[in-house]
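Engineer: Sequence below, structure please.
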Amino acid sequence: MQAKKIVKNKVVGSWKFLSAYSAFHKLHKSIYNSPDFQKVSLTKDEKTEYRNYWKAVSPVISFKTVEISKSLSGSFNKRIIPEEFYSLYIERFLNNERNVEFLAHKSVYNKWFGRGIFPKDFFHKLDGSYYTYEFEAIDDIEAFIDKEVDSTDFPIVIKPNKDSYGGKDVYFVNSKEDIKEIIKQHPNLVVQEKIEQSELINAFNKDSINTVRVSLYKDKDNVVHMLNSGIRIGKDGSLDNVSDGGIVCSIKLNGMLNEYATDIDEKKYLSHPNSGFVFEGESLPLYEDLVEASKSIARSVIGARIISLDMALDSTDRWRCIEINLFGQTIRIPQNAGESFLGEYTDEIINDLIKSKR
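Structural biologist: Numbers count the residues shown, from 1 in each chain. Purely as a prediction, here's the structure:
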């Protein structure tokens with residue numbers, strides 16, 4: 001039995017390895033083939049330095065991530081994490097609790113963290129059954145909607161409560177009939193309020209939802225540290241996710257914006273193509289409040305040491321959390337600006353990872 005388990009683990013490990021490298025190969029190839037991406041090659045010395053830094057994690061090293069970073073930012077940084085390494089090794093090392101994913105389930109947010117931080121829930125659908133925000137069973141969902149949803153609640157957001165990425169299957173509805181129709185299409189979802197956006201954030205682009213992706217690191221003493229953040233902005237009527245057509249601009253640790261934003265093909269934007277907002281020299285409104293609100297949420301996330309939050313500034317200028325991400329977190333936002341995703345904690349985390357493999 002032990003031999004079978006070893007063989008199974010090796011097969012699973014090999015499949016994950018090949019899947020990760022194959023997926024990022026396709027992603028990087030599409031970037032290199034984009035007419036808006038201008039490649040700047042690594043020098044021989046830079047390749048040697050990069051290989052020497054990362055080879056203890058794995059000898060199979062792709063230079064694509066760091067070359068894309070250099071091409072966009074104009075500078076080489078050996079601590080830029082290969083995207084394959086983050087997916088295969090780093091995220092799994094830091095978020096290794098098997099049950100940690102339940103805190104990324106959108107239907108548990110208000111129960112775990114308390115109401116007022118996340119959007120208000122009207123009701124949930126879990127494996128085909130309906131429940132109130134207090135998780136009491138709903139026998140007649142249409143009657144519940146007619147009674148509990150008021151015309152003043154619209155627009156309302158309907159979205160999957162788990163296994164959702166890039167804004168997929170997110171609906172903004174304006175009638176009870178729309179709710180009744182859409183909820184039939186998915187076995188797991190949450191129906192919640194749409195947070196009205198602050199005028200301070202509307203300055204970036206008033207015609208889209210604009211959220212801030214905040215990534216945090218919880219060290220071995222459970223102290224939470226800010227790693228990086230970036231504002232994601234819709235473009236040409238899209239959602240703010242880059243996979244849906246949006247763009248993202250990295251935010252420095254002092255709250256200042258990077259001088260450019262990028263889209264999914266790593267095209268650079270010095271200003272927003274619709275609003276005309278110029279990124280260089282601008283800062284994110286209420287940045288220190290964002291840091292404190294994000295750290296407070298991250299402290300309550302147990303079993304995970306890398307946590308990414310999607311934060312929105314509401315119409316009362318209060319930071320609210322839309323979503324928690326614990327797996328499949330993107331590391332491209334700061335790295336496209338030339339900064340390592342793990343920032344000043346890169347050496348510490350990589351050394352711990354290497355020790356754990358011995």
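Engineer: Buried ones in stretch 72-90, by neighbour count?
Structural biologist: The neighbour-count check on stretch 72-90 (16 or more other C-beta atoms under 10 Å) flags 72-73, 76-77, 79-90 as buried. Yep, even glycine has a C-beta here, placed from its N, CA and C like the rest.
Engineer: Between the two ends of it, what distance do you get?
Structural biologist: Terminal residues of stretch 72-90 are spaced 24 Å apart (C-alpha to C-alpha, to the nearest Å).
Engineer: So what touches stretch 144-161?
Structural biologist: 105-107, 119, 122-126, 130, 132, 138, 168-176, 179-180, 182-183, 186, 188-194 (C-beta atoms under 8 Å, 6 or more residues apart in numbering).
Engineer: same thing but at 7 Å, please
Structural biologist: 105-107, 119, 122-124, 138, 169-174, 176, 179-180, 182-183, 186, 188-194 (C-beta atoms under 7 Å, 6 or more residues apart in numbering).
Engineer: So for that stretch, mean pLDDT?
Structural biologist: Here stretch 144-161 scores 95 as its mean pLDDT.
Engineer: Helices of the stretch 151-300 of the chain, start to end?
Structural biologist: 176-182, 199-202, 287-299 (DSSP state H, counting those that start in this stretch).
Engineer: out of those, nearest to Ile333?
Structural biologist: For Ile333, the closest of the helices of the stretch 151-300 of the chain is helix 287-299, at 14.4 Å, according to C-beta to C-beta.
Engineer: and that closest one, C-alpha only, in PDB?
Structural biologist: What follows is helix 287-299, C-alpha atoms only, in PDB (Å, rounded to 0.1, in the frame of the first residue of the first chain):
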ATOM      1  CA  TYR A 287      -4.500  54.300   1.200                       C
ATOM      2  CA  GLU A 288      -3.600  54.000   4.900                       C
ATOM      3  CA  ASP A 289      -7.300  53.200   5.700                       C
ATOM      4  CA  LEU A 290      -7.000  50.400   3.000                       C
ATOM      5  CA  VAL A 291      -4.000  48.900   4.600                       C
ATOM      6  CA  GLU A 292      -5.500  48.800   8.100                       C
ATOM      7  CA  ALA A 293      -8.900  47.400   6.800                       C
ATOM      8  CA  SER A 294      -7.100  44.700   4.800                       C
ATOM      9  CA  LYS A 295      -4.800  43.700   7.700                       C
ATOM     10  CA  SER A 296      -7.800  43.400  10.000                       C
ATOM     11  CA  ILE A 297      -9.600  41.000   7.600                       C
ATOM     12  CA  ALA A 298      -6.400  39.000   7.000                       C
ATOM     13  CA  ARG A 299      -5.900  38.500  10.800                       C
END
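Engineer: Identify each buried residue in that helix, please.
Structural biologist: Buried residues in helix 287-299 (16+ other C-beta under 10 Å): Tyr287, Leu290, Val291, Ala293, Ser294, Lys295, Ile297, Ala298.
Engineer: and if you look at stretch 26-34?
Structural biologist: For stretch 26-34, a neighbour-count test (16+ other C-beta under 10 Å) marks Leu27, His28, Ile31 as buried.
Engineer: how far does it sit from the chain's center?
Structural biologist: For stretch 26-34, the gap between its own C-alpha mean and the chain's C-alpha mean amounts to 21 Å (C-alpha atoms, centre = their mean, to the nearest Å).
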